[in-house]
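>>> return a 3D structure for these sequence lines:
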Amino acid sequence: MENQSVSEFILMGFSVGRQEEILLAFLFLLIYVTSLAGNMVVLLIVLVDSRLHNPMYFFLGNLSVLDILFTSVISPQLLWNLFSDNKSISFSGCMAQSYFYFFLGTVEFLLLTSMSYDRYAAICRPLQYHAIINGRVCIQMLLGSWLGGFLSVLCPTIMITRLSYCKSNVINHFFCDSGPLLNLSCTDTHFIELMDFMLSSLIVLCSMVLTLVSYMYIISAIMHISTTTGRAKAFNTCATHLTIISITCGISIFIYVTPSQKETLEVHKVPAVLTTIVCPFLNPFIFTLKNDIVKQALKEALRRGKELIAQKNVGDWRKKTTV
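Residues are numbered from 1 along each chain as shown. You can find the predicted model right below:
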């Protein structure tokens with residue numbers, strides 16, 4: 001990707017001093033490393049433990065993959081800018097970061113909506129669940145989420161790369177968000193803003209409405225469960241997913257489902273930190289702490305790991321004593 005008007009951008013980042021930037025850099029580095037480790041653990045448990053080979057954990061494993069990719073689009077560049085005080089990013093790097101941020105974010109919305117349909121089928125249609133949500137359907141929903149994200153973001157990104165950036169090359173953000181990029185263009189951006197608004201509204205609001213409809217049926221079905229234990233188990237299964245999609249939808253509506261993003265750029269930095277850095281960090285821990293099967297699988301994996309280490313140490317000791 002090339003642009004005749006600008007070759008690189010400067011990411012302004014946060015309006016703090018140099019010492020505060022270093023502190024933020026260490027904090028974000030800790031969160032990023034922990035996020036990668038937590039999501040990798042969840043993914044490995046889902047792959048290894050046969051009890052988790054069902055649609056619910058299939059989607060959970062894919063959500064962990066998305067969180068790893070999503071936070072990796074923003075965090076490495078942000079950490080480099082904070083640690084080195086070199087805030088520049090090439091034009092092609094900026095466009096790629098913007099594209100993958102919105103692409104992966106859209107895929108996550110669609111995937112969370114698929115997970116709500118899975119929970120609806122499991123609780124409201126338990127006898128037909130395996131016929132409704134089988135392996136083929138899971139793959140179709142997953143591919144549909146990735147294809148939907150790819151197509152919905154491609155056209156606006158191409159249009160943004162064609163803009164003329166003659167006002168400045170300083171982006172008032174810590175990553176290449178669409179609003180700050182549009183704010184720098186001296187080309188008329190009303191059509192792109194309208195397209196962004198329509199696509200964001202369609203994806204976010206439709207995901208939220210479909211999820212709410214699913215949970216209306218789910219709550220109605222749960223209230224008809226006769227035992228208190230059964231109701232608590234059903235609520236516990238759905239609470240984690242509902243919490244995550246509520247946080248994600250709320251932040252995205254605040255940032256992107258507005259007719260114009262130019263007037264509120266400074267206000268968007270804090271919620272952007274939540275959605276790009278904090279949420280991928282929290283997701284694996286929320287799922288692990290709220291799900292008894294995942295906790296049990298994790299405990300057993302740790303126990304097996306300790307046993308293997310102990311056996312290796314005994315074997316090494318025997319070799320030394322034999323020699």
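
>>> what sits against D177?
S98, Y101, I171, Q261, H268, A272 (CB atoms under 8 Å, 6 or more residues apart in numbering). Every residue, glycine included, has its C-beta placed from N, CA and C.

>>> how about E8?
S88, I89, S90, F91, C94, N169.

>>> most neighbours among these, which one is it?
In terms of neighbour count, C94 stands highest of the contacts of E8 at 25 neighbours, by other CB atoms under 10 Å.

>>> how much space between that residue and G17?
According to CB to CB, to the nearest Å, C94 and G17 sit 25 Å apart.

>>> and I244, by the same measure?
34 Å.

>>> what's the answer for L69, then?
32 Å.

>>> of the two, who's got more company?
For the pair L69 and G17, the greater number of neighbours falls to L69 (16 against 9), based on other CB under 10 Å.

>>> list the residues that contact V107.
Here V107 is in contact with L66, S145, W146, G148, G149 (criterion: CB under 8 Å, 6+ apart).

>>> would you reformat the residues you listed as JSON lines and include neighbour count, pLDDT and secondary structure?
What follows is the contacts of V107, written out as JSON lines (neighbours: other CB atoms under 10 Å; pLDDT from 0 to 100; DSSP: H, G, I helix; E, B strand; the rest coil):
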{"residue": "L66", "neighbour count": "22", "pLDDT": "92", "secondary structure": "helix"}
{"residue": "S145", "neighbour count": "22", "pLDDT": "92", "secondary structure": "helix"}
{"residue": "W146", "neighbour count": "17", "pLDDT": "93", "secondary structure": "helix"}
{"residue": "G148", "neighbour count": "17", "pLDDT": "90", "secondary structure": "helix"}
{"residue": "G149", "neighbour count": "23", "pLDDT": "90", "secondary structure": "helix"}
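
>>> most widely separated two among those residues?
L66 and G148 (13.4 Å; CB to CB).

>>> show the contacting residues for the closest residue to M159 other than its chain neighbours.
Distances taken as CB to CB, 6 or more residues apart in numbering put I192 closest to M159, at 5.3 Å, once the chain neighbours are dropped. Counting by CB under 8 Å, 6+ apart, I192 makes contact with P156, M159, I160, L163, L182.

>>> hmm, which of the residues you listed are the buried ones?
P156, I160, L163, L182 (16 or more other CB atoms under 10 Å).

>>> closest to N62 among those?
After measuring the buried ones among the contacts of I192 against N62 - CB to CB - the closest member comes out as P156, at 24.7 Å.

>>> the closest one touches D196, doesn't it?
Yes - contact status for P156 versus D196: in contact at 5.8 Å, counting by CB atoms under 8 Å.

>>> shared neighbours, these two?
S178.

>>> could you give the mean pLDDT of the helix or strand hosting R303?
Assessed by DSSP states H and E, R303 sits inside helix 292-322. For helix 292-322, mean pLDDT is 70.

>>> and stretch 123-140, by the same measure?
Stretch 123-140 comes out at a mean pLDDT of 88.

>>> go ahead and name everything in contact with that stretch.
55, 58-59, 117-118, 121-122, 217-218, 221-222, 234, 237-238.

>>> kindly recompute the last result at 10 Å.
Residues from elsewhere that reach stretch 123-140, judged by CB atoms under 10 Å, 6 or more residues apart in numbering: 53-56, 58-59, 62, 114, 117-122, 141, 214-215, 217-222, 224-225, 234-235, 237-238.
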